[in-house]
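[1] quick one, what's the 3D model for this:
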Amino acid sequence: MQEAIGKASVLVEALPYIQGYLDKIIVVKLGGSVMDDPTAERELLRDVVFLRSVGMQPIIVHGGGKEISKAMDDAGLEPTFVQGLRYTDDRTLAIAEQVLCARINKRLVDALIKMGVDAIGLHSLTTCVLFAEQLFLQGEENRRIDVGYVGKVEQVNAKVLRLLCQAGTVPVIAPIARDFAGGKLNVNADTAAGHVAAAVKAEKLVMVSDTHGIRRERDNPDSFCHSLNKAEIGELMAEKIIDKGMIPKVEACLRALEAGTRKAHIIDGRIPHSLLLEIFTDKGIGTQILQS
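    Purely as a prediction, here's the structure:
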C-alpha cells in the first residue's frame, strides 16, 4: 500500500508540469557515452515517448562522434583535429553522413516507432532542416584556417518542425546540414540543438550527455550548481571553469534562452529516467540555466 501511495505522490507532483507544458515544444539533444549504451539510449527514448504521450511536442537532435571515430578507424582513416575540431575531408564527410544519418538516425526513429509514436528522420539524405555555411577558424594575424566540410548553422526550417510537432510526429535531426548551394556540411550537434530550440521558440532545451551538469569546482560534487543565470555562466566561463566540451553545450543553452526559451538544462543521461526527473520534479537532477 505504501509503495502505491508513493507512486501516486510522484504523479501528483508531475501534474502541474504536464499541464504547464501541454502542446509546448521540448528540444532534447542526445549525445555522449549514453548513445554507446543500448539500454541507456532505449530508456531515454522511452522518456521521449512519455513526453509525447502526455501532450508535449519533443524534437530530438543527436550526435554520434564516437561512432564516427570508430567507423573511421575501421576504414583505416586517422582523424585530424584543428583547434579541437575534426578536419572533415570528402571521405570523412561520407563516413559521418553514413553513421549519423543512415545508422544512428534510423536506429532512433525505428525505436521510437516501435514504442508507439510517429517519428521521422530529418537530415541530408531525407528532408533537411539545417542550413549552414562553411566554418573557418581564426589563426594568427587573422588568417582563416580551413577545416574542410565543417559548417556553422545559419538557418533552421522551423515551419517544417512545427508542422510535424503539431501532427504528433517526433522530428529526429542528424547534424549533417545543407549549404545554400546544395552541398553538405558536418555541424556540431550541441550547436545545432541550440539553433533548433531558438528557431522553434522551444519551451525547454535539454542537453542530455554523460556530464553531471555544472560545478563551480570541477572535482568537487558539493559545488554542483542546480541553477545558474546568464551572468553567472559568463563568470564561470571567464574563470575557465566552464571549458572544452562544456562550452558548446552552454553556448547552445544561451542561444536558446536569448530567443525566448524559458529554461535550458544540462543533465546526465546515464541516470535512469533523468529526462523525466528534470522536467517533472520540483528539484530536478541537472543544472538549469535561466536568462536572469
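[2] and for Asp73, the neighbour number?
    Asp73: 11 surrounding residues under other C-beta atoms under 10 Å. For the C-beta atoms, the positions are set from N, CA and C on the backbone; glycine is no exception.
[3] so what touches the helix or strand hosting it?
    Using DSSP states H and E, Asp73 falls within helix 65-74. Applying C-beta atoms under 8 Å, 6 or more residues apart in numbering, the contact partners of helix 65-74 are 31, 33, 35-36, 78-79, 86, 92, 95-96, 98-100, 103-104.
[4] of the residues you listed, which is the nearest to Leu290?
    The shortest approach to Leu290 among the contacts of helix 65-74 belongs to Gly31, at 22.5 Å (C-beta to C-beta).
[5] hang on, Thr169 packs against Asp118?
    Yes: between Thr169 and Asp118 there is a contact at 4.3 Å, judged by C-beta atoms under 8 Å.
[6] out of these two, which sits in the busier spot?
    Ranked by neighbour count (other C-beta under 10 Å), Thr169 and Asp118 place Thr169 first, with 18 against 13.
[7] residues in contact with the more buried one?
    117-120.
[8] and Gly168, how many neighbours?
    11.
[9] so how far is Tyr149 from it?
    Distance, Gly168 to Tyr149, using C-beta to C-beta, to the nearest Å: 35 Å.
[10] for Leu290, give the beta-bridge partners.
    Asn229 (DSSP bridges).
[11] I'd say it and Ser227 touch.
    Yes: the criterion here is C-beta under 8 Å, and Leu290 meets it with Ser227 at 6.6 Å.
[12] and Lys184, what is it in contact with?
    If you count contacts by C-beta under 8 Å, 6+ apart, Lys184 has them with 93, 97, 124, 149, 176-178.
[13] next step: these restricted to helices.
    By the criterion of DSSP state H, membership of the contacts of Lys184 in helices covers 93, 97.
[14] just the ones of the contacts of Lys184 in strands?
    149, 176-178 (DSSP state E).
[15] wait, which of those residues is closest to Glu258?
    Nearest member of the ones in strands among the contacts of Lys184 to Glu258, counting by C-beta to C-beta, is Ala177, at 21.0 Å.
[16] distance of that closest one from Arg216?
    Distance from Ala177 to Arg216, by C-beta to C-beta: 35 Å.
[17] more crowded one of the two?
    Ala177 (27 against 15).
[18] show me the contacts for the nearest residue to Lys204 once chain neighbours are set aside.
    Leaving aside its sequence neighbours, Lys204 sits nearest to Ile26 (C-beta to C-beta, 6 or more residues apart in numbering; 4.9 Å). If you count contacts by C-beta under 8 Å, 6+ apart, Ile26 has them with 51, 56-59, 202-206, 279.
[19] now do the strands in the stretch 51-200 of the chain.
    Taking DSSP state E, counting those that start in this stretch as the test, the strands found in the stretch 51-200 of the chain are 57-62, 81-82, 85-86, 118-122, 130-138, 144-156, 169-173, 176-178, 184-186.
[20] pick the most deeply packed of the ones you listed.
    Of all those, strand 57-62 has the most neighbours on average by mean count of other C-beta atoms under 10 Å, namely a mean of 26.
[21] for that one, packing partners?
    strand 25-30, helix 38-53, helix 158-166, strand 169-173, helix 189-200 (3 or more C-beta pairs under 8 Å, 6 or more residues apart in numbering; DSSP states H and E).
[22] quick one: mean pLDDT over that strand.
    Confidence for strand 57-62, expressed as mean pLDDT, is 98.
[23] what about the closest residue to Arg144 other than its chain neighbours, distance to Gly245?
    Excluding the flanking residues, the one nearest Arg144 by C-beta to C-beta, 6+ apart is Phe136, at 4.2 Å. According to C-beta to C-beta, Phe136 and Gly245 sit 21 Å apart.
[24] quick one: contacts for Ile279?
    Contacts of Ile279 by C-beta under 8 Å, 6+ apart are 17, 21, 26, 51, 204, 206.
[25] which one of the residues you listed has the most neighbours?
    Of the contacts of Ile279, with other C-beta under 10 Å as the count, Val206 tops at 28 neighbours.
[26] surely it touches Val27?
    Yes: using C-beta under 8 Å, Val206 is in contact with Val27, at 7.2 Å.
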